[in-house]
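S.K.: quick one: sequence plus predicted model below, questions after.
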Amino acid sequence: MTSLKPKKAMTAQQRDRIMVVVSPLVVLIIWEFCSRMNIVDRRILAPPTVIAATIVQLIQTGGLLTTAGITLSRFFAGFFVGLIPGTLIGLAMGVSPWTRSIVAPLVAAFYPLPRIALFPIILILVGLNETSNVILISLGPFFTMIITTMAAVLNVEPIYKEVASSFGARPRDLYFDVMFPAALPVIMGGVKLSVGLALLNTVAVEFLVADNGIGHLIWNSWTTLSISQSVAGLVTAGIIGSTLFAIAGAIEKRVIPWAPESR
């Protein structure tokens, strides 16, 4: 008799790898069908095949790759300008009650303000240049990392701090070697959230004042009724965002392999 071996259940990692391909494919098929059958107006939302052809054409002319490169350079500049000081300030607020009592009211006052509403003030202070663009992009990651990091540190078990203090840990050691690693899983969640906010701010800035970049391509194509190019720019922005989010997830798995989300 031949023994029947039980089938192995699909692991969560295998399921995720399959759905990364299946989910977008299903959306594209539905989109293509609705556009071809005139369920949606194809003059406004062209089929994915037409959009793909437009993207290929833009790549062949060299414009799309250059445009995406400009957007990425703005994104990374604003992302890190906001991420690094926001994380450090959040750590300080989580560790020090005095710092928290001084900075928290300022964060509460400025965080709810629309980022675009602050742009005229930034222009007055630094002028209409690339620096003002980077500052506006950085505001999303900056406030997000302050709030996320502070909350992460405040939720660290007090026993970690007590044990470190009993062993004579200096404030610097407590800051970087104890509280930061313990809060890192939540902080990485804030980093992934900041990726989306920074990209959103980048496209918004390019909508407003820039004369290049993905946001400028989307808006300029829309105003000239080149709808397929506008949607192609939107799809390109989505691809960039998905790629950046996947990179952030891979970094998270590398730096905190013990976290449940990283397994």
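M.R.: Happy to help now that I have it.
S.K.: for Leu234, see how far away the residue nearest in space to the middle of the chain is.
M.R.: By CA atoms, centre = their mean, the chain has its centre lying nearest to Val195, at 1.5 Å. Applying CB to CB, to the nearest Å, the value for Val195 to Leu234 is 18 Å. C-beta here means a position set from N, CA and C on the backbone, and glycine is covered the same way.
S.K.: and if you look at Ser226?
M.R.: With CB to CB as the criterion, Ser226 and Leu234 are 12 Å apart.
S.K.: one more: Leu72?
M.R.: On the measure of CB to CB, Leu72 and Leu234 end up 16 Å apart.
S.K.: go on, Gln57?
M.R.: Distance from Gln57 to Leu234, by CB to CB: 16 Å.
S.K.: out of those two, which sits in the busier spot?
M.R.: Neighbours per residue (other CB atoms under 10 Å) separate Gln57 from Leu234, with Leu234 holding more: 18 against 14.
S.K.: tell me the secondary structure for that one?
M.R.: Classification of Leu234 using DSSP: H, G, I helix; E, B strand; the rest coil returns helix.
S.K.: got a list of what it touches?
M.R.: Ile218 (CB atoms under 8 Å, 6 or more residues apart in numbering).
S.K.: one more: Val203?
M.R.: Counting by CB under 8 Å, 6+ apart, Val203 has contacts Thr71, Gly213, Ile214, Gly215, Ile218, Ala237.
S.K.: so which strand or helix has it?
M.R.: helix 180-208 (DSSP states H and E).
S.K.: ok, so of the contacts of Val203, who is nearest Gly249?
M.R.: Proximity of those to Gly249 (CB to CB) peaks at Ala237, which lies at 18.7 Å.
S.K.: what pLDDT does the model give the closest one?
M.R.: For Ala237, the model assigns a pLDDT of 90.
S.K.: now it: how far from Val107?
M.R.: On the measure of CB to CB, Ala237 and Val107 end up 29 Å apart.
S.K.: which of these two has more residues huddled nearby?
M.R.: The neighbour comparison of Ala237 against Val107 (other CB under 10 Å) goes to Ala237, with 22 against 19.
S.K.: and the more buried one, what does it touch?
M.R.: Thr71, Leu199, Val203, Ile214, Gly215, Ile218.
S.K.: distance check, the third one against Gly140.
M.R.: By that I understand Val203. In terms of CB to CB, Val203 sits 12 Å off from Gly140.
S.K.: one more: the fourth one?
M.R.: To Gly140, Ile214 is 17 Å away according to CB to CB.
S.K.: tell me the secondary structure of Leu45, please.
M.R.: From three-state DSSP, the assignment for Leu45 is coil.
S.K.: so how many other residues sit close to it?
M.R.: Count around Leu45 with other CB under 10 Å applied: 17.
S.K.: ditto for the one 5 residues further on
M.R.: Applying other CB under 10 Å, we find 17 residues neighbouring Val50.
S.K.: OK, contacts around it?
M.R.: Neighbours of Val50 in contact, by CB under 8 Å, 6+ apart: Arg42, Ser228.
S.K.: which element follows the helix or strand harbouring it toward the C-terminus?
M.R.: If you go by DSSP H and E, Val50 is part of helix 48-60. Using DSSP H and E, the helix or strand that directly follows helix 48-60 along the chain is helix 63-95.
S.K.: elements contacting that next one?
M.R.: Contacts defined by 3 or more CB pairs under 8 Å, 6 or more residues apart in numbering; DSSP states H and E place helix 63-95 against helix 48-60, helix 97-110, helix 130-154, helix 180-208, helix 214-223, helix 227-255.
S.K.: out of the ones you listed, deepest packed?
M.R.: helix 130-154 (a mean of 23; mean count of other CB atoms under 10 Å).
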